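Peer 1: Turn this into a model:
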Amino acid sequence: MNLNPLSDNVVVKSLSKEETLKSGIIIPDTIEGEKPEEGEVLAVGPGKMLDNGNRGPMDVKVGDKVLFKSFKADEFKIDGEEVLIISQSDISSIIN
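Peer 2: Numbers count the residues shown, from 1 in each chain. Here you go, the predicted structure:
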């Protein structure tokens, strides 16, 4: 994947599953705003620019499994793969 996020943005691949009923209706694993979604970090920006000219630290790294607020994610398809771009502040936890 050739995607370099800016600022404190993080590219995440969703690991949550959807269930499809026989009728073709898709039941998402999470409902918007209900509970956090699980994902894997694919790319990390350099950090948010602070008032003093330095960059804020990034708490996540490529390969981390995280919980995040999916309703704030921007969805894209890159190289045939669906990915989400979120702000680091929308990540609630790193799963160990």
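Peer 1: Now do the SS call for the residue most central in space within the chain.
Peer 2: Centroid check for the chain by CA atoms, centre = their mean gives Val12 as the closest residue, at 3.5 Å. Here Val12 is strand, with the state taken from DSSP: H, G, I helix; E, B strand; the rest coil.
Peer 1: how about it, what does it touch?
Peer 2: With contacts taken as CB atoms under 8 Å, 6 or more residues apart in numbering, Val12 has the following neighbours: 39-42, 66, 68, 73, 83-86. Bear in mind the C-beta positions are built from the backbone N, C-alpha and C, glycine included.
Peer 1: Which of these fall in strands?
Peer 2: Judged by DSSP state E, strands contain the following of the contacts of Val12: 39-42, 66, 68, 83-86.
Peer 1: mind putting those residues in a markdown table, neighbour count included?
Peer 2: As requested, the ones in strands among the contacts of Val12 are arranged in a markdown table below (neighbours: other CB atoms under 10 Å):
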| residue | neighbour count |
| --- | --- |
| Gly39 | 25 |
| Glu40 | 15 |
| Val41 | 22 |
| Leu42 | 19 |
| Val66 | 23 |
| Phe68 | 25 |
| Val83 | 20 |
| Leu84 | 20 |
| Ile85 | 20 |
| Ile86 | 23 |
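Peer 1: a markdown table for the residues you listed, including pLDDT and distance to Asn52?
Peer 2: Listed next are the ones in strands among the contacts of Val12 as a markdown table, based on pLDDT from 0 to 100; distance: CB to CB, whole Å:
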| residue | pLDDT | distance to Asn52 |
| --- | --- | --- |
| Gly39 | 94 | 31 |
| Glu40 | 97 | 32 |
| Val41 | 98 | 27 |
| Leu42 | 96 | 30 |
| Val66 | 96 | 28 |
| Phe68 | 92 | 28 |
| Val83 | 95 | 32 |
| Leu84 | 95 | 30 |
| Ile85 | 96 | 26 |
| Ile86 | 96 | 25 |
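Peer 1: Just give me the closest of the residues you listed to Asn96.
Peer 2: Asn96 lies nearest to Val66 out of the ones in strands among the contacts of Val12, by CB to CB, at 10.9 Å.
Peer 1: What is the neighbour count of the nearest residue to that closest one once chain neighbours are set aside?
Peer 2: Distance criterion CB to CB, 6 or more residues apart in numbering; nearest residue to Val66, sequence neighbours excluded, is Ile91 at 4.9 Å. Taking other CB atoms under 10 Å as the neighbour definition, Ile91 ends up with a count of 21.
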